[in-house]
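[1] The following block contains a protein sequence and its predicted model.
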Amino acid sequence: MESNVAELIAERLDTMPAGERRAAQTLVANYPLIGLKTVADFSQQAGVSSPTILRFVARLGFHNYAEFQAALQDELAAQLQSPASRTYAASSRGKGAISPLLEATLDNLRETFRHISDRQLEDIAACLAERRGHMFLIGGRFTDPLARYTAAHLAIIRPNVFHLAGQESMWRDRLIDMDKHDVILIFDIRRYQDSLLRFAEKAHQRGVAIVLITDQWLSPIARFAKHVVAGRTAMPSAWDSSVALFTIAESLIDAVTRRLETEGARRIREMEGLR
């Protein structure tokens, strides 16, 4: 399975000079639309020269800007697909074909973690392990169970962990208590939830650090996120898979647990004593 543009950026960001890194960060924050504009428009928004944009595109492995834009256009078309548009492709697989689903799931896991570095996971774990502030977790229609699962684990090993549930108005009410010491972990996949985007923007305005776990096409919340992790979700099915996102969540739970080993052990002992 070929890497998409966001994954290529994640792979090569550490090797980019400062100008190309600014181009990459601008694209991720406005993914993929800024890349569909002219080189001049892209360079102006990134604050770099047009030749820098072309060098950035070449570093990603594209022969020219047109090829780069064609790849983004294909991704945009995939991003906008609904389950209804994927039903026919899934039905052509044949009945009882479990093997293609299993192979796609394993491939999603391999490709996801091929594009995520240990350093990236450790940086996010450090952010989530910071105990000066509060941690909030939230997800969309199909990803909120991942937020709830992650919150249940992290609440055991560190204080002030809250899963945001219920209606959007209830989330907004919690914003009054959020500031620059806090972090929000958000799960959001295609077709991205507008209410989560509005909430993330308000939280960002209050200085809250946002960690986004999303799919390979990148939720628009990426423009407000301090950290973005993209997992593969596409399947030969009418439905996307959250297996890779779940594994990312479990990897972060493990990394935070190791960082807070002493305090986490103390909290677990104290909890057991209260039961």
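    Structure received. Residues are numbered from 1 along each chain as shown.

[2] Going by C-alpha atoms from here, please, whenever you check contacts or count neighbours.
    Fine.

[3] tell me the phi and psi of the closest residue to Leu252 other than its chain neighbours?
    Spatial nearest neighbour of Leu252, chain neighbours left out: Ala125 (6.0 Å); criterion: C-alpha to C-alpha, 6 or more residues apart in numbering. Dihedral angles of Ala125 (phi, psi; degrees, to the nearest 10) stand at phi -60, psi -40.

[4] Ala125 and Val256 touch, don't they?
    Yes: using C-alpha atoms under 8 Å, Ala125 is in contact with Val256, at 5.1 Å.

[5] what's near enough to touch the residue nearest to Leu252?
    By C-alpha atoms under 8 Å, 6 or more residues apart in numbering, Ala125 lies in contact with 252, 255-256, 259.

[6] pLDDT score assigned to Arg267?
    Each residue has a pLDDT score; the one for Arg267 is 94.

[7] Tell me how far it lies from Ala255.
    17 Å (C-alpha to C-alpha, to the nearest Å).

[8] Quick check on those two: which one has the bigger neighbour count.
    Ala255 (20 against 17; other C-alpha atoms under 10 Å).

[9] Could you say which helix or strand holds that one?
    helix 243-259 (DSSP states H and E).

[10] Quick check: mean pLDDT of that helix?
    Helix 243-259 shows a mean pLDDT of 97.

[11] again, but for stretch 170-178
    Per-residue scores along stretch 170-178 average to 93.

[12] Between its first and last residues, what's the separation in it?
    Length of stretch 170-178, first residue to last, C-alpha to C-alpha: 14 Å.

[13] what does stretch 175-188 give?
    End residues of stretch 175-188 are separated by 19 Å (C-alpha to C-alpha).

[14] Pull the residues that contact stretch 239-257.
    Counting by C-alpha under 8 Å, 6+ apart, 83, 86, 105, 108-109, 112, 121-122, 124-126, 128-129, 143, 146, 150, 153-154, 157, 213-214, 231-235, 264 sit against stretch 239-257.

[15] what about the helices in the stretch 101-250 of the chain?
    For the stretch 101-250 of the chain, applying DSSP state H, counting those that start in this stretch gives helices covering 118-129, 144-157, 168-174, 194-205, 243-259.

[16] ok, now how distant is the closest residue to Ala29 other than its chain neighbours from Leu8?
    Spatial nearest neighbour of Ala29, chain neighbours left out: Arg223 (3.7 Å); criterion: C-alpha to C-alpha, 6+ apart. According to C-alpha to C-alpha, Arg223 and Leu8 sit 18 Å apart.
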